[in-house]
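Asker: here is my input, please return the structure:
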Amino acid sequence: MRVWRAMGVLGATAGLLLGGLAGTASAAPAPSDDARCAPSTTTPLRQFRAQWISSVVNIDWPSKTGLTAAQQQIELIGWLDDAVRQNHNAVVLQVRPTADAFWPSKVEPWSQYLTGTQGGDPGYDPLKFAVAEAHKRNLELHAWFNPYRLSMGTNINALIPTHPARLHPDWVVTYGGKLYYNPGIPAARKLVEDAIMDAVSNYDIDGVHFDDYFYPYPVAGQVFDDAATYAQYGAGFPDLQSWRRNNIDLLIQELQHRIKAAKPWVKFGISPFAVWRNKATDPEGTDTTAGVQTYDDLAADTRRWVREEWIDYIVPQVYWAGGFAAADYNKIVPWWAEQVRGTHVHLYIGEATYKVGTSTQSPDWADPQELSDHMAFDSAIPEVKGNIFFSAKDVRADRLGATTLLNSTWYTRPALIPAMPALDSRPPLPPLGVQATRTTAGVQLKWRRTSADTTSYAVYRRELLGGDHCPDNDARNLVATTRNQSYVDTTATPGKLYLYSVTALDRLSNQSIAIPTITVR
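Answerer: I've put the predicted structure just below:
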């Protein structure tokens, strides 16, 4: 419990300091009516920014199987450093691609995508390493789990003998050249939840993340063979599809409850295929003619999960260009904004960086401006609170210079993670003893931690005389975020007076009042 008695004293002190500093800069205009103080759409203060780092079939990391522990670690650090350079504030790392684990799980074997052999110990704990390195860079680490996919092949005997699927072959369905757990079997669902909760309980992850795989995507001429399971468990449901949707609903409900019971601050987010239903199927659906509808084809009632607030954020994979007739980005994003409106669920948009310069789906993907156009479109929709890019290797490839263009237009400043007041709205106590000292390297800032719930700090800078004295309602003055209790501003101009302020943030990005300090020449 926080010691709130201290807040009033610190708040009053900060107010006096700020009042005194404002008086020193008497030439500065009052910010209340100054048009210059309107928040900038290109430098929002809060915005979720991330890329997916995919491990299945070694898409992103590790780049291939059999790398040494040191080589794997160097590669992962490279992806995290990429995120920092681009002013991202999170990464979404796949840690359970095929009912296996990137940590020493008590439930499932080591992933084959680490060593090339399922069950092979990589010689270190990749999830522990990833969390530590991400947090060192003040990046949130959202652990990405695929719930039901067992294998990218169909040979169950290729799984190690102790694999739960080998011990319970009656839980397994072969479909579309892959193996899946049958979502209709309650014991299989519990095992999936137990596997995920093993990571939640034992690692300091910031989020649990699902992508778009629930029941598998339809394969022409094949049937997902769960008729016997439906006969056993489907009483009371009017049809197979209603029962299947309930199976997935139960997974989402139960997992959200278990996550919050263990660690209330861990976020639960899902990134589904973006079309819930086409308007021709359901008048409440999107104005699309998509070949897949999550409600009908994947048994995923994604809209309900938002309405019931069973998840904390949703990231529809809007992997189409603006104006694309069958599925128009500029029609789908507003539909999702309407779904989250009035709920506590955050909306981030999944972006198809992999299509830039490669896809012939529409000519727009040959235009380096396409992703930047998406950002411009989203910036006018208040419900859109961020974007995630698929996947890391495509972001790094920077085909057509699209990533560079996006970053130089939209990600020029750092941004705070959007707060989730439904989970916790209490700000931490502010830092103490903020000091600024000129050094040969720049301005050295130091401060002291006040409360145990502080996880990071935000550093703001403005010119003391004749500069911008607007409230920090965007990121134009945000210099950095850090988990350290010090920061060196290497971009400060020698001889210029600056007003710095430092705030404390907790793990849900609630922000304290700002504590100011000034530099000396």
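
Asker: next SSE downstream of the helix ranked longest in the chain?
Answerer: When the chain is parsed with DSSP state H, its longest helix is helix 240-262. Going down the chain from helix 240-262, the next helix or strand is strand 267-270, by DSSP states H and E.

Asker: please compute how far that following strand lies from its chain's middle.
Answerer: 8 Å (CA atoms, centre = their mean, to the nearest Å).

Asker: centre of the chain versus the longest helix of the chain, how much separation?
Answerer: On CA atoms, centre = their mean, the centre of helix 240-262 falls 21 Å from the chain's centre.

Asker: just stretch 161-180 next, same as before
Answerer: Counting by CA atoms, centre = their mean, stretch 161-180 comes out at 30 Å from the chain centroid.

Asker: now swap in stretch 300-319 and tell me
Answerer: Here the centre of stretch 300-319 is set off from its chain's centre by 14 Å, with CA atoms, centre = their mean.

Asker: now the end-to-end length of it.
Answerer: Stretch 300-319 stretches 18 Å from its first residue to its last (CA to CA, to the nearest Å).

Asker: any idea which element H344 lies in?
Answerer: H344 belongs to no helix or strand when assigned by DSSP H and E.

Asker: can you verify my assumption that it contacts A422?
Answerer: Yes - between H344 and A422 there is a contact at 3.7 Å, judged by CB atoms under 8 Å. Every C-beta, even on glycine, is put in place using the N, C-alpha and C of the backbone.

Asker: got any residues that touch both of the two?
Answerer: Shared contacts of H344 and A422 (CB atoms under 8 Å, 6 or more residues apart in numbering): 309, 312.

Asker: returning to that earlier point: average model confidence for the longest helix of the chain?
Answerer: For helix 240-262, the mean pLDDT works out to 98.

Asker: how about that helix: buried residues?
Answerer: 240, 243-249, 251-252, 255-256, 258-259 (16 or more other CB atoms under 10 Å).

Asker: return the list of helices and strands in contact with it.
Answerer: If you count contacts as 3 or more CB pairs under 8 Å, 6 or more residues apart in numbering; DSSP states H and E, helix 240-262 packs onto helix 186-202, helix 227-233, strand 267-270, helix 302-307.

Asker: and these as CSV, adding distance to T43 and mean pLDDT?
Answerer: Converted to CSV, the helices and strands packed on helix 240-262 look like this (distance: least, CB to CB, whole Å; pLDDT from 0 to 100):
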stretch, distance to T43, mean pLDDT
helix 186-202, 34, 98
helix 227-233, 52, 98
strand 267-270, 24, 98
helix 302-307, 28, 98
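
Asker: tell me the one of the buried residues of helix 240-262 nearest M197?
Answerer: Among the buried residues of helix 240-262, R258 lies closest to M197 (CB to CB), at 5.6 Å.

Asker: test my guess that the closest one contacts A199.
Answerer: No - with contact defined as CB under 8 Å, R258 does not reach A199; the gap is 11.9 Å.

Asker: can you list the low-confidence ranges for this structure?
Answerer: For the chain, residues meeting the criterion pLDDT under 70 lie at 1-33, 521.

Asker: that older thread, turn the buried residues of helix 240-262 into JSON lines, columns for distance to W265.
Answerer: Output for those, formatted as JSON lines (distance: CB to CB, whole Å):
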{"residue": "L240", "distance to W265": "38"}
{"residue": "W243", "distance to W265": "34"}
{"residue": "R244", "distance to W265": "32"}
{"residue": "R245", "distance to W265": "29"}
{"residue": "N246", "distance to W265": "29"}
{"residue": "N247", "distance to W265": "28"}
{"residue": "I248", "distance to W265": "25"}
{"residue": "D249", "distance to W265": "24"}
{"residue": "L251", "distance to W265": "21"}
{"residue": "I252", "distance to W265": "19"}
{"residue": "L255", "distance to W265": "16"}
{"residue": "Q256", "distance to W265": "13"}
{"residue": "R258", "distance to W265": "14"}
{"residue": "I259", "distance to W265": "10"}
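
Asker: just flag the most distant two among the residues you listed.
Answerer: Greatest spacing in those, by CB to CB: L240 and I259 (29.1 Å).

Asker: and for P183, the neighbour number?
Answerer: Neighbour count of P183, defined by other CB atoms under 10 Å: 26.

Asker: before we move on, back to that, looking at the helices and strands packed on helix 240-262, spot the one closest to C470.
Answerer: Evaluated with CB to CB, the helices and strands packed on helix 240-262 place strand 267-270 nearest to C470, the distance being 30.6 Å.

Asker: distance from the helix or strand following that closest one to the middle of the chain?
Answerer: Downstream of strand 267-270, the first helix or strand assigned by DSSP H and E is helix 294-297. Centre-to-centre, helix 294-297 and its host chain are 24 Å apart (CA atoms, centre = their mean).

Asker: stretch 236-248 too?
Answerer: Mean C-alpha position of stretch 236-248 versus that of the full chain (CA atoms, centre = their mean) differs by 30 Å.

Asker: and if you look at stretch 262-277?
Answerer: Centre-to-centre, stretch 262-277 and its host chain are 10 Å apart (CA atoms, centre = their mean).

Asker: which residues are in contact with the closest residue to P264 other than its chain neighbours?
Answerer: The shortest distance from P264 to any non-neighbouring residue, by CB to CB, 6 or more residues apart in numbering, is to L423 (6.3 Å). Going by CB under 8 Å, 6+ apart, L423 touches 264-265, 267, 312, 508.

Asker: same thing but 7 Å
Answerer: 264-265, 312, 508 (CB atoms under 7 Å, 6 or more residues apart in numbering).

Asker: tell me which of those residues is nearest to R476?
Answerer: Among the contacts of L423, and counting by CB to CB, the member closest to R476 is L508, at 24.0 Å.

Asker: does that closest one sit in a helix, a strand or a coil?
Answerer: Assigned by DSSP: H, G, I helix; E, B strand; the rest coil, the conformation of L508 is coil.

Asker: tell me how many other residues surround it.
Answerer: Summarising burial for L508: neighbours were counted as other CB under 10 Å, giving 22.

Asker: before we move on, what about R46?
Answerer: 16.

Asker: wait, it touches A415, no?
Answerer: Yes - with contact defined as CB atoms under 7 Å, R46 counts as touching A415 (6.1 Å).

Asker: next, give phi and psi for A504.
Answerer: Here is the backbone geometry of A504 (degrees, to the nearest 10): phi -100, psi 140.
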